[in-house]
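1. Give me the fold of what follows.
(chains A and B)
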Amino acid sequence: MSFEELGLSAEVLRAVAESGYTEPTPIQAQAIPQVLRGRDVMGIAQTGTGKTAAFTMPMIDVLAAGRAKARMPRSLILEPTRELAAQVAESFEKYGKYHRLSMALLIGGVSMEDQIKKLDRGVDVLIATPGRLLDHHERGRIMMSGIKVLVVDEADRMLDMGFIPDLERICKLLPTNRQTLFFSATMMPDIKRLADAFLTTPVEISVSRPSSTATTVTQGLIIVEDADKRGALRNLLRTETLNHALIFCNRKRDVDIVGKSLIKHGFNAAALHGDMVQSERTAVLDRFRSGEVPILVASDVAARGLDVAEISHVFNFDVPIHAEDYVHRIGRTGRAGREGKAYTLATPYDAKFVRAIEDLIKQPIPRIVVEGVEAGELLSDEQAKSRKRGRHKPVATLSHVKLPKSGKDKAPRKAPEAPAEEPVRGRRRDEEERAPRAAAPAAPPPSSTDRSGSERYRADFAVDRSEQRRDRRPGRRDDDLGPSVVGFGDHVPAFILRPVYPEHRAAEERSA
DNA sequence: AAAAAAC
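-> Numbering: from 1, shown residues only, chains lettered A, B, ... in the order given. I've put the predicted structure just below:
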């Protein structure tokens, strides 16, 4: 099978040849002729199957005839993450280099100005993440009625991320007379329902079963105590011959910690997660792609679809909680038939997550021992439980008490000893603001006689800083923020109490 | 046990 047989234009074929590809992947071979024919396509394909090119190549030809009007894009591609959107834009640039298609990338985290300018000039290809697209639409910068081709990429991930309402809103803005291409790695019932709503008599294309891992990837599981994880990772990084290494952590906080720790130990590493500003995200990914920084520590923002050639190693610093994520993460290596290695660090308590992964991939992950690090063993559920009980330390100070989530009554709103208060109008709001704090478990009864002012302050207000503001993006609030001071709190500055009018002030001074 | 996405 060759690209020439698929019906693509000479211009696209020339661009494909120049990019070095000679043979279409299965999804490209099946999808390209259907897209050119104008059919709707439902593609069940994972990333790494050549899915992106399967829709960009034929779309370039479909859109070649015709011209875009101002603010009326002719096609729309929806992606779940900003990085994936940028990657699709690159694909259009690569295969569309002999066409004069205009393109705009509408993603969050970057200035709207350039995006608006492009929209005003008219775009053939609009690539967007849902939030920013709707933002532009609400500001009246886009008319969706001219869209002839819609692509919904990574639909299952959009579902995971709660994008479905946005997706449905966007879909209502589009003309019903259009071509739709819908891609998902799985076809769960929710996805099927969505596909039925979006597509009309689609051609179904399915390549490579989900939950399968590439055979060219060598896997290994290292069981160590939590405290030994970083040491084990460093050891692996030193002994393996790395080209590009991608290290996944479950939490953004740990991405930062592991990244900093590696740099401190002399590794050329960088971190990537969704709380970083977009310019940094882009810069880090560029440096990783170019090979300037060969080690990237990342959250699952990089788990799916990220296409960096020649990632030789994937390390799971944490066992992914959802088994499918394991498949996606290690799918970043061993791409296009290349060799890859995927090592997972597990603690003795990760047994059930490891089991879920092994069930999904239908094979055990070979256990591996890292030199210089004591090998552990996965604990059974009961063992884990009893060991955890033994490790439990009594709560020593209030600063270790985790505050109840606001809005959700996990702890009683009032301390048991607190005297029942008359609901005095005007004070009630203040009481409610303070209630969760006062009711923190193990709070000593409020007695002001035996404690100094500073002791009382510590007991009432001291909070573990790490529990505050996990989400540091400006304007974002986590539900479990620490105590917030409303207005001036209890303190009223003296100047506020002073009379405003000179004659009143004079009266005050007289009486003083 | 999380992450992702608009200002």
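
2. ok, now which ones touch A:D61?
-> A:L8, A:S9, A:V12, A:L36 (C-beta atoms under 8 Å, 6 or more residues apart in numbering). Any C-beta I mention is one placed from the backbone N, CA and C, and that applies to glycine too.

3. any chance of these in a markdown table, with pLDDT and secondary structure too?
-> Putting the contacts of A:D61 into a markdown table (pLDDT from 0 to 100; DSSP: H, G, I helix; E, B strand; the rest coil) gives the following:
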| residue | pLDDT | secondary structure |
| --- | --- | --- |
| A:L8 | 97 | coil |
| A:S9 | 97 | coil |
| A:V12 | 97 | helix |
| A:L36 | 98 | helix |
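
4. which among the residues you listed gets closest to DNA strand B?
-> The nearest member of these to DNA strand B, counting by C-beta to the nearest atom of the strand, is A:V12 at 29.1 Å.

5. Contact partners for the closest one?
-> Here A:V12 is in contact with A:M57, A:I60, A:D61, A:Y95, A:G96, A:Y98, A:H99 (C-beta under 8 Å, 6+ apart).

6. If we use 10 Å, what do you get?
-> By C-beta atoms under 10 Å, 6 or more residues apart in numbering, the residues touching A:V12 are A:3, A:6, A:32, A:56-61, A:64, A:95-99.

7. A:M42 now?
-> A:152, A:155, A:180-184, A:187, A:191-192, A:195-196, A:198-199, A:202-206.

8. Please type out the PyMOL selection for whichever of those turn out to be buried.
-> In PyMOL, this line selects whichever of the contacts of A:M42 come out buried by 16 or more other C-beta atoms under 10 Å:
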select buried, chain A and resi 152+155+180+181+182+183+184+187+191+195+198+199+202+203+205
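
9. give me the subset of the contacts of A:M42 touching DNA strand B.
-> The subset of these within reach of DNA strand B, counting by C-beta under 7 Å from any atom of the strand, is empty.

10. quick one: which of the contacts of A:M42 sit in strands?
-> Members of these lying in strands (criterion: DSSP state E): A:V152, A:T180, A:L181, A:F182, A:F183, A:S184, A:V203, A:E204, A:I205, A:S206.

11. ok, the first one touching A:L174?
-> No - in this structure, A:V152 sits apart from A:L174 without contact. The criterion is C-beta atoms under 10 Å, and the distance is 11.0 Å.

12. Mind listing the shared neighbours of the two?
-> A:L76, A:T180, A:F198.

13. Going by residue numbers, what spans are helices in the stretch 251-400 of chain A?
-> A:252-264, A:278-290, A:323-330, A:351-361, A:381-391 (DSSP state H, counting those that start in this stretch).

14. Compare those and give me the one nearest DNA strand B.
-> helix A:252-264 (3.5 Å).

15. Next, see if the closest one gets close to DNA strand B.
-> Yes - using C-beta under 7 Å from any atom of the strand, a contact is recorded between helix A:252-264 and DNA strand B, made by A:K252, A:R253.

16. Please spell out which residues along that helix are buried.
-> Quick answer for helix A:252-264 (16+ other C-beta under 10 Å): A:K252, A:D254, A:V255, A:D256, A:I257, A:V258, A:G259, A:S261, A:L262.

17. Leaving out chain neighbours, which residue sits closest to the fourth one?
-> Leaving out its chain neighbours, the residue that sits closest to A:D256 by C-beta to C-beta, 6 or more residues apart in numbering is A:A271, at 5.8 Å.

18. Test of understanding: give the bridge partners of that neighbour.
-> A:V297 (DSSP bridges).

19. Next up, identify which helix or strand A:R141 is on.
-> Of the helices and strands defined by DSSP states H and E, none includes A:R141.

20. which one of the ones in strands among the contacts of A:M42 is nearest A:I311?
-> Distances from A:I311 to those, taken as C-beta to C-beta, are shortest for A:F183 (22.0 Å).

21. can you pull up the bridge partners for that closest one?
-> With DSSP bridges as the rule, A:F183 is bridged to A:G43.

22. List the residues that contact it.
-> With contacts defined as C-beta under 10 Å, 6+ apart, A:F183 is in contact with A:27, A:31, A:41-47, A:49, A:51-52, A:54-55, A:151-156, A:195, A:205.

23. Over to A:K229?
-> Per C-beta under 10 Å, 6+ apart, neighbours of A:K229: A:I222, A:C249, A:D254, A:V258, A:F317, A:D318, A:L345, A:A346, A:T347, A:V373.

24. before we move on, what about A:R141?
-> Contact analysis of A:R141 by C-beta under 10 Å, 6+ apart lists A:R71, A:L106, A:M112, A:Q115, A:I116, A:L119, A:D120, A:D135.

25. Name the nearest residue to A:L262, sequence neighbours excluded.
-> The shortest distance from A:L262 to any non-neighbouring residue, by C-beta to C-beta, 6+ apart, is to A:A269 (4.1 Å).

26. how far away is the one you found from A:R82?
-> In this view, A:A269 and A:R82 are 22 Å apart by C-beta to C-beta, to the nearest Å.

27. With A:L6 instead?
-> A:L6 sits 30 Å away from A:R82, going by C-beta to C-beta.

28. How about A:M59?
-> 21 Å.

29. The two: who's more crowded?
-> Between A:M59 and A:R82, counted using other C-beta atoms under 10 Å, the more crowded position is A:M59 (29 against 23).

30. Just the buried residues of stretch A:92-111, please?
-> Quick answer for stretch A:92-111 (16+ other C-beta under 10 Å): A:92, A:95-96, A:99, A:101-107, A:109-110.

31. near DNA strand B at all, it?
-> Yes - applying C-beta under 7 Å from any atom of the strand, one finds stretch A:92-111 in contact with DNA strand B at A:I107, A:G108, A:G109, A:V110.

32. If you tally nearby residues, what's the number for the closest residue to the third one other than its chain neighbours?
-> So the one you mean is A:G109. Leaving out its chain neighbours, the residue that sits closest to A:G109 by C-beta to C-beta, 6+ apart is A:Q278, at 2.9 Å. The number of residues packed around A:Q278, counting by other C-beta under 10 Å, is 16.

33. same question, A:Y326
-> Neighbour tally, A:Y326, other C-beta under 10 Å: 29.

34. Surely it touches A:R355?
-> No - using C-beta under 10 Å as the test, A:Y326 is too far from A:R355 to be in contact (11.8 Å).

35. distance of the residue of the stretch 201-350 of chain A found nearest DNA strand B from A:M161?
-> Relative to DNA strand B, the nearest point of the stretch 201-350 of chain A is A:G274 (2.7 Å; C-beta to the nearest atom of the strand). A:G274 is 11 Å from A:M161, where distance means C-beta to C-beta.
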